[in-house]
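Sequence plus predicted model, see below.
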Amino acid sequence: MLGRGGIAVVAEVTGLDRATIRRGLADLAHPDRLPPTGRQRRPGGGRKALTADDPTLATALRALVEPTTRGDPEWPWRWTCKSCPQLAAALQQQGHAVSPSTVGRLLHAAGFSLQSPRTMMAGRAPHPDRDAPFHYIAARTAAAQAAHPPVISVDAKKKELIGHVKTGGQEWQPVA
């Protein structure tokens, strides 16, 4: 549309390479050569998964997580006390190129879940039967999941916070 020198002007304004602009013009001139709608690239394009390029990544992550894993491996829920940035930093020190968001995806794929932190009161020993209700719930959940109906767990106890307890998060409140 700009005539002679138009490609140079567009390249300067947009920062694109002139060859890219020429390819775009050729695509516009021959729309039958474009890929099917809804796709920008041919199938199979894009970056490979990190676990394909680095097969030891999942093993290294599991070795970091296992000592701090909470929950019975037979249960449907497991979690770790380490954060994704901490795990990513430890993996990077071992020579793995990984980000915290990738660590989160790998943990989710391995069956881990995100849990809210819990405030611990210093000097109080846990009740000896503290785990019994959780073992009961886990056993009932496993039996129900084996039968394939939906599972709903409801904790109907009223919880009252006692002592110095931090309230996490934020709430939207009307401006006075």
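Now that the structure is in, tell me what you want to look at. Residues are numbered from 1 along each chain as shown.

neighbours around L87, how many?
23 (other CB atoms under 10 Å). C-beta: built from backbone N, CA, C; applies to glycine.

do the one 4 residues further on as well
By other CB under 10 Å, the residues close to L91 number 23.

Just confirm it contacts A58, I think it does.
No: if you go by CB atoms under 8 Å, L91 and A58 don't touch, sitting 10.6 Å apart.

quick one: the strands in this structure?
Under the criterion DSSP state E, the chain contains strands at 69-70, 79-80.

Compare the mean pLDDT across those strands and name the weakest.
Mean pLDDT per stretch puts strand 69-70 lowest among the strands of the chain, at a mean of 60.

which residues in this protein form helices?
Ranges of helices in the chain, per DSSP state H, are 6-14, 18-29, 50-53, 57-65, 84-93, 100-109, 132-147.

Reformat those helices as JSON lines; add mean pLDDT.
Shown next, in JSON lines, are the helices of the chain (pLDDT from 0 to 100):
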{"stretch": "helix 6-14", "mean pLDDT": "87"}
{"stretch": "helix 18-29", "mean pLDDT": "85"}
{"stretch": "helix 50-53", "mean pLDDT": "80"}
{"stretch": "helix 57-65", "mean pLDDT": "84"}
{"stretch": "helix 84-93", "mean pLDDT": "88"}
{"stretch": "helix 100-109", "mean pLDDT": "86"}
{"stretch": "helix 132-147", "mean pLDDT": "82"}
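
Same list, those helices, but as a markdown table with distance to H164 please.
Formatted as a markdown table, the helices of the chain follow (distance: least, CB to CB, whole Å):
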| stretch | distance to H164 |
| --- | --- |
| helix 6-14 | 57 |
| helix 18-29 | 60 |
| helix 50-53 | 42 |
| helix 57-65 | 30 |
| helix 84-93 | 26 |
| helix 100-109 | 30 |
| helix 132-147 | 26 |
